[in-house]
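S.K.: here are the coordinates; sequence isn't available:
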C-alpha cells in the first residue's frame with residue numbers, strides 16, 4: 001500500500017499566489033488596452049490629457065524619417081516651422097523605436113503600442129528587481145503591488161492615463177541604475193558593468209533622465225569615496241567606465257540637445273512650482289492639480305515600508321547582495337528632488353524635480369517586501385501583529401472606498417474632444433487648401449492639440465513644440481493672439497495678423513473667440529461653419545507662403561523647396577539658427593517681425609532659381 005501523497009495539498013497553495021498575481025496583471029493589461037483602444041484599433045489620436053502632444057511627436061518623427069531619413073530636421077507642420085528633434089525631444093528612445101514601428105503601424109498605433117508596452121513592462125521589471133534582491137515570492141508581491149499602484153495611486157494613474165510613458169520608463173531605468181551602480185561600486189564585477197552598458201541604451205527614455213543619472217552617479221560615488229576601503233581604486237575605475245559608456249552611447253542626441261538648449265523655449269509652466277513637490281510626495285490636494293488627494297493609505301504605506309527597509313540595511317559579513325543598496329537610491333531621489341526644488345536656481349527647477357517622486361515610488365515598491373519582513377520581525381507578539389494588520393487593512397479599505405467613488409464620478413477615459421470636435425475635424429478635412437489652420441487653444445479643450453496629428457495641412461495650434469515665443473498660436477492661458485496680448489487685439493487688426501502667417505482657416509472654441517471674429521470686417525471671411533460650440537472661419541483670399549519676392553514654396557517635412565525664384569524672397573516661415581541651403585552661394589537671413597522673436601526667413605538665391613533649405617544642428621557652431 002502506497003503512503004498517502006503530501007504533494008497535492010502543498011502544491012495548490014504555492015500556485016494560488018501566482019495565479020492571483022497573473023489574473024491581476026491580466027486585468028491591468030485589459031485596462032491599458034481599453035484606455036488606448038481608440039488609438040490601437042481606430043487609429044485616432046488620443047484626445048485626453050497629454051496624449052495629443054506625444055501622438056504628434058511620433059507622427060513628426062515618422063514624417064521626418066520618411067522624407068530625410070532622420071528624426072532631426074526643420075518641420076514646417078506647426079507654429080510656422082521649427083527645428084524638430086533636438087530641443088523638443090520627449091523620448092529619444094521612443095523616436096528611435098518609432099522609426100521602425102511607424103512605417104508598419106502608422107504613427108498613432110505605433111505610439112499606442114509604445115504606451116502599452118511601457119505600461120505592461122513596469123510591473124514585470126519591478127518584480128524582477130525584487131526577485132533579484134530577495135525571493136520569487138517577493139517578486140510576485142511587487143508585481144501585484146505595482147499593478148495596484150499604477151491603477152490607484154493618483155500620480156502614477158495620472159501619468160499612465162495621461163500618456164507620460166516616457167518618464168515612467170525613464171523612472172524605471174533610473175531605479176535599475178541606482179541599484180546596479182550602487183552594487184557595482186561596492187563589488188565591481190564584469191556582469192554588473194555589462195548590465196549597466198545595456199541599461200545605458202535606455203537613458204534616452206526621457207530627456208530629463210540623463211541629468212538625474214548624473215546626480216545619482218555623483219551621490220553614490222561620493223558615498224563610496226567617503227566609505228574608503230582597499231577596493232576604492234577599483235570602484236572608481238568602475239564608475240569612470242560607467243560614465244564613459246553612458247556618454248558615448250547617448251552622445252548622438254545629447255550633443256544636439258546641449259548645443260541648442262537655448263532654443264528650447266520650454267512651455268509655460270515648465271518651471272516647477274515650489275509648492276508642488278511635498279503634495280506630490282504625500283498625495284495631498286493642491287488647487288489646480290485634481291489628480292491628487294486620494295489613496296493616502298497606499299502612498300503613505302509605501303513611504304513607511306521604504307523607511308523601514310532602509311533601517312539597518314547594512315550588508316552582513318561585508319558581502320552585499322545584488323541591488324541591496326537600492327534603498328540608497330530611494331533616499332537619494334527624494335533628497336535630490338528636495339534640493340533641486342528649493343535651491344534658488346531656475347535652471348535646476350526646470351528639471352521639474354517633482355518628477356523624481358515617480359522614481360521614489362518605484363524604488364519604494366521594490367523594497368516594500370523587505371520593509372514588510374522587517375516590520376513583521378519587529379512586532380514580537382501576536383497582539384501587536386494583529387494591530388498592525390488592522391491598521392494596514394483600515395488604510396487600504398478607506399483608500400479604496402475613496403478611490404472607488406472617484407472612479408465612479410470620473411470615467412476611465414474622459415474624451416475631451418467629443419462629437420463636435422471630430423465634426424470640426426471632418427469639415428476641415430473635406431475642404432482642401434494650402435493655407436494654415438489657426439485654432440483657439442484653451443485648457444478645457446483638446447481640438448487645437450489634436451489637429452496637427454489629423455490634418456495634412458500646416459497648423460498654428462500646437463503649444464508644446466519647441467517655440468521660444470507665443471507668436472504663432474492663439475492661446476487663452478496665457479492670453480495671446482499671434483504674438484499680441486489677447487486683451488489688446490481689436491477686430492480691425494485681425495486680418496493683418498492672419499495674413500502675416502498665411503492663415504486660411506480659423507477655429508474659435510469659446511464665446512469670446514466667436515465674438516472676436518464675428519466683428520471682423522464683412523467680406524474678409526468667405527465662409528463660416530458651425531460644429532456644435534466650434535465655429536470655423538475661412539479667409540476669402542489667404543496669402544501665400546512668400547511675403548515678398550517671386551517664387552514658389554513646397555514645404556515638406558525636414559526641408560523647404562523654393563522654385564521659380566527671380567531674386568530674394570521673404571518666407572512666412574520661422575527662422576531658426578542652423579538653417580542652410582544645400583546649394584553654395586545662397587544667403588539666409590533673419591527678418592524681424594513685430595511681436596515674433598523668431599522672425600521670418602529671407603533667402604537671397606543669387607543667380608539660382610531653385611533652392612533647398614534644411615536645418616543643420618551643427619551649422620551654427622562651425
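M.R.: Arrived safely. Owing to the predicted nature of the structure, the values given are computational and were not obtained by experimental measurement.
S.K.: just checking, what packs against the helix or strand residue 16 falls within?
M.R.: Remark: residue 16 resides in helix 7-37, with elements defined by DSSP states H and E. Applying 3 or more CB pairs under 8 Å, 6 or more residues apart in numbering; DSSP states H and E, we find helix 7-37 packed against helix 107-133, helix 136-152, helix 154-162. C-beta: built from backbone N, CA, C; applies to glycine.
S.K.: Residues in contact with the second one: which ones?
M.R.: So that's helix 136-152. For helix 136-152, contacts defined as CB atoms under 8 Å, 6 or more residues apart in numbering pick out 17-18, 20-21, 24-25, 27-28, 31, 119, 122-124, 126-131, 156-157, 160, 295, 298, 302, 361, 365-366, 368-370, 372, 399-400, 403.
S.K.: Now the buried members of those.
M.R.: The neighbour count (16 or more other CB atoms under 10 Å) marks 21, 24-25, 28, 31, 119, 122-123, 126-127, 129-131, 156-157, 160, 295, 298, 302, 361, 365-366, 368-370, 372, 399-400, 403 as buried among these.
S.K.: Next SSE downstream of the lowest-mean-pLDDT helix or strand in the chain?
M.R.: Least confident element among the helices and strands of the chain, by mean pLDDT, DSSP states H and E: helix 346-349 (a mean of 54). Downstream of helix 346-349, the first helix or strand assigned by DSSP H and E is helix 356-378.
S.K.: Strand partners (parallel or antiparallel) of the longest strand seen in the chain?
M.R.: When the chain is parsed with DSSP state E, its longest strand is strand 596-604. Strand 596-604 has its sheet partners listed here by DSSP bridges as strand 569-574 (antiparallel), strand 587-593 (antiparallel).
S.K.: Out of the ones you listed, indicate the one that is most buried.
M.R.: Highest mean neighbour count of the strands paired with strand 596-604: strand 569-574, a mean of 24 (counted as mean count of other CB atoms under 10 Å).
S.K.: Which SSE is immediately downstream of that one?
M.R.: Next along the chain from strand 569-574, counting by DSSP H and E, comes strand 579-581.
S.K.: Can you name the residues in contact with that following strand?
M.R.: Contacts to strand 579-581, defined as CB under 8 Å, 6+ apart, come from residues 74, 588, 601, 603, 605, 611-616, 619.
S.K.: rerun that using 7 Å as the cut-off
M.R.: Residues outside strand 579-581 that contact it (CB atoms under 7 Å, 6 or more residues apart in numbering) are 74, 588, 601, 611-616, 619.
S.K.: Let me see the mean pLDDT of stretch 598-612.
M.R.: For stretch 598-612, mean pLDDT rounds to 94.
S.K.: ugh, wrong one, I meant stretch 66-80
M.R.: 84.
S.K.: for the stretch 1-150 of the chain, what are the low-confidence residue spans?
M.R.: Low-confidence segments of the stretch 1-150 of the chain (pLDDT under 70): 1-14, 86-89.
S.K.: Can you work out which other helices and strands pack against the helix or strand hosting residue 535?
M.R.: Element membership for residue 535, per DSSP H and E: strand 534-539. In this structure, strand 534-539 packs against helix 418-429, strand 503-508, strand 525-531, with contacts taken as 3 or more CB pairs under 7 Å, 6 or more residues apart in numbering; DSSP states H and E.
S.K.: and it, what's its mean pLDDT?
M.R.: For strand 534-539, the mean pLDDT works out to 96.
S.K.: How much space separates the residue nearest to residue 175 when sequence neighbours are not counted from residue 123?
M.R.: Nearest-residue entry for residue 175: residue 362, 4.6 Å, with adjacent residues in sequence omitted and distances by CB to CB, 6 or more residues apart in numbering. Residue 362 is 10 Å from residue 123, where distance means CB to CB, to the nearest Å.
S.K.: helix/strand/coil for residue 607?
M.R.: When classified by DSSP: H, G, I helix; E, B strand; the rest coil, residue 607 comes out as coil.
S.K.: Can you report how many residues lie near it?
M.R.: 7 (other CB atoms under 10 Å).
S.K.: next one: residue 531
M.R.: Neighbour count for residue 531, taken as other CB under 10 Å: 19.
S.K.: Please apply the same query to residue 606.
M.R.: Residue 606: 15 surrounding residues under other CB under 10 Å.
S.K.: residues touching it, list them.
M.R.: Counted by CB under 7 Å, 6+ apart, residue 606 has contacts 585-586.
S.K.: State the phi and psi torsions of it.
M.R.: Residue 606 has phi and psi values of phi 70, psi -120 when expressed as degrees, to the nearest 10.
S.K.: before we move on, what about residue 557?
M.R.: phi -60, psi 120.
S.K.: Correct me if wrong: it contacts residue 67.
M.R.: Yes - Residue 557 is within contact range of residue 67, at 4.4 Å (criterion: CB atoms under 7 Å).
S.K.: Those two: which has the busier surroundings?
M.R.: residue 557 (20 against 14).
S.K.: distance between stretch 485-504 and the chain's centre?
M.R.: Computed by CA atoms, centre = their mean, to the nearest Å, the chain-centroid distance of stretch 485-504 equals 32 Å.
S.K.: Kindly report the same for stretch 440-460.
M.R.: Relative to the centre of its chain, stretch 440-460 is centred 18 Å away, using CA atoms, centre = their mean.
S.K.: For it, buried residues please.
M.R.: Buried residues in stretch 440-460, counting neighbours by 16+ other CB under 10 Å, are found at 440-442, 445-455, 457-460.
S.K.: pLDDT averaged over it - what is it?
M.R.: On average, stretch 440-460 scores 86.
S.K.: what's the span of it from first residue to last?
M.R.: Taking CA to CA, to the nearest Å, stretch 440-460 runs 9 Å from one end to the other.
S.K.: Enumerate every residue touching the residue nearest the centre of the chain.
M.R.: Note on the chain: the residue nearest the mean C-alpha position is residue 164, at 4.3 Å, using CA atoms, centre = their mean. Counting by CB under 7 Å, 6+ apart, residue 164 touches residue 50.
S.K.: That one and residue 111, how far apart?
M.R.: 13 Å.
S.K.: Can I get the strands paired with strand 596-604 in CSV including distance to residue 525 and mean pLDDT?
M.R.: As requested, those are exported to CSV (distance: least, CB to CB, whole Å; pLDDT from 0 to 100):
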stretch, distance to residue 525, mean pLDDT
strand 569-574, 20, 96
strand 587-593, 24, 94
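S.K.: nearest to residue 56, of those?
M.R.: strand 569-574 (17.3 Å; CB to CB).
S.K.: List the contacts of residue 510.
M.R.: Residue 510 is in contact with 440, 442, 476, counting by CB under 7 Å, 6+ apart.
S.K.: can I assume the first one is in contact with residue 475?
M.R.: No - here residue 440 lies out of contact with residue 475, judged by CB under 7 Å, at a distance of 8.1 Å.
S.K.: ok so, going back, could you dump the helices and strands packed on helix 7-37 to TSV with distance to residue 217?
M.R.: Shown next, in TSV, are these (distance: least, CB to CB, whole Å):
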stretch	distance to residue 217
helix 107-133	19
helix 136-152	25
helix 154-162	25
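S.K.: Parallel or antiparallel, which strands does the strand holding residue 535 pair with?
M.R.: strand 503-508 (antiparallel), strand 525-531 (antiparallel).
S.K.: Packing partners of the helix or strand where residue 303 lies?
M.R.: Using DSSP H and E, residue 303 sits within helix 296-310. Where contact means 3+ CB pairs under 7 Å, 6+ apart, helix 296-310 is packed against helix 326-342, helix 356-378, helix 382-409.
S.K.: What ranges in the stretch 301-450 of the chain fall below the confidence cut-off?
M.R.: Judged by pLDDT under 70, the stretches of the stretch 301-450 of the chain that qualify are 310-353, 378, 380-381, 385, 388-389, 391-416.
S.K.: how about a cut-off of 50?
M.R.: 316-324, 408-415 (pLDDT under 50).
S.K.: residues in contact with residue 206?
M.R.: Per CB under 7 Å, 6+ apart, neighbours of residue 206: 90-91, 166-167, 170.
S.K.: before we move on, what about residue 605?
M.R.: Contact partners of residue 605, counting by CB under 7 Å, 6+ apart, are 565, 586, 611.
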